[in-house]
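Enquirer: Next comes the sequence, and after it the predicted model I'd like to discuss.
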Amino acid sequence: RFCAPLRSGLDMKNSFIPWATLPAVVLSAAVVAVAAPAQAFAPVTYGYKCASNNRISDCKIAETQFKTTVSQVGENVMFTFKNLVGNPVVLTDIYFEDTLKKSLGAFVGFNGNTGGVSYQVGAKPGSPPSVKSFVVSFSASPKNPQPTNGLGPGESLGILFKILPGFTDPINAVIADLQLGGLRTSVRAQAFTSKGSETLVNEEVPEPITILGSAAAIAGGAALKRRAGAKASKEKAMAS
């Protein structure tokens, strides 16, 4: 039987506890550490803030419904643009600025389009209206007619790029670039009920969570719940 020595004021030579009684979170984390590579990241999702502010009510609609998720797909990084279900609005032109670390490689293609979404490389106007000092490195727009082929409520579009070599952790370099502001995305919102349009730029990007960290956190949370439940049952039994 395998045992682990107790690290307390007890006799270190003769005091042992079975491995089976060690916290489940320790064993779970060890299993996850073997199964998942440390550099694998869970997808990161960020939102948008209005830059044009033509109409406050339209800005709120777009800010609520437009989201982008960054994920790793093999040797590529994918930006999935989403228009969540809600009010009438279409996400049309998409712009990228990659000026700091230049962490994005060549455009690979569009992926994961839903509904009637159909895009092409290049947007007009060539830069996002009302967004100051935005140097466009890549852009895309819906094929005509734009309101029909753009992202309506409940639709999404994936844009794939190569991850550039030379970074110790390429996908994390992309996330870090977004957090530092050297990599930005901007989108246009059209086809509001008001018939207006707005331009938005990405909000602050949250810290990425590694799959290892996420799984360990889940395992730890489950272990704590089991321990809390067992303690409550014991106290209830003693009270009765």
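Expert: Here it is on my side, so go on.
Enquirer: Show me the shaky parts of this protein.
Expert: 1-41, 209-240 (pLDDT under 70).
Enquirer: And the strands in it?
Expert: Taking DSSP state E, the strands of the chain run over residues 3-5, 16-18, 44-46, 48-50, 66-73, 76-83, 90-98, 104-111, 119-121, 138-142, 155-163, 183-190, 198-202.
Enquirer: Ok, which of the ones you listed comes nearest residue 132?
Expert: With Cβ to Cβ, the closest approach to residue 132 among the strands of the chain belongs to strand 198-202: 9.6 Å. All C-beta spots, glycine's among them, are computed from the backbone N, C-alpha and C.
Enquirer: about what we covered before: can I get the strands of the chain in CSV with mean neighbour count?
Expert: Listed next are the strands of the chain as CSV, based on neighbours: other Cβ atoms under 10 Å:
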stretch, mean neighbour count
strand 3-5, 12
strand 16-18, 12
strand 44-46, 17
strand 48-50, 20
strand 66-73, 19
strand 76-83, 21
strand 90-98, 24
strand 104-111, 15
strand 119-121, 15
strand 138-142, 20
strand 155-163, 20
strand 183-190, 24
strand 198-202, 24
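Enquirer: Using a markdown table, please lay out the ones you listed together with distance to residue 129.
Expert: Supplementary listing: these in a markdown table, determined by distance: least, Cβ to Cβ, whole Å:
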| stretch | distance to residue 129 |
| --- | --- |
| strand 3-5 | 64 |
| strand 16-18 | 66 |
| strand 44-46 | 21 |
| strand 48-50 | 12 |
| strand 66-73 | 16 |
| strand 76-83 | 18 |
| strand 90-98 | 9 |
| strand 104-111 | 23 |
| strand 119-121 | 19 |
| strand 138-142 | 13 |
| strand 155-163 | 20 |
| strand 183-190 | 7 |
| strand 198-202 | 5 |
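Enquirer: what about residue 53, neighbour count?
Expert: Neighbour count for residue 53, taken as other Cβ atoms under 10 Å: 12.
Enquirer: residues in contact with the nearest residue to it once chain neighbours are set aside?
Expert: Excluding its sequence neighbours, the residue lying closest to residue 53 (Cβ to Cβ, 6 or more residues apart in numbering) is residue 59, at 5.9 Å. Residues counted as contacts of residue 59 (Cβ atoms under 8 Å, 6 or more residues apart in numbering) are 50, 52, 53, 198, 200.
Enquirer: go with 7 Å
Expert: Each residue near residue 59 by Cβ atoms under 7 Å, 6 or more residues apart in numbering is listed here: 50, 53, 198.
Enquirer: same question, residue 187
Expert: Per Cβ under 7 Å, 6+ apart, neighbours of residue 187: 48, 66, 81, 91, 93, 94, 200.
Enquirer: now, among those, which is nearest to residue 172?
Expert: Residue 172 lies nearest to residue 81 out of the contacts of residue 187, by Cβ to Cβ, at 21.3 Å.
Enquirer: If anything else comes up later, I'll come back, but that's it for now.
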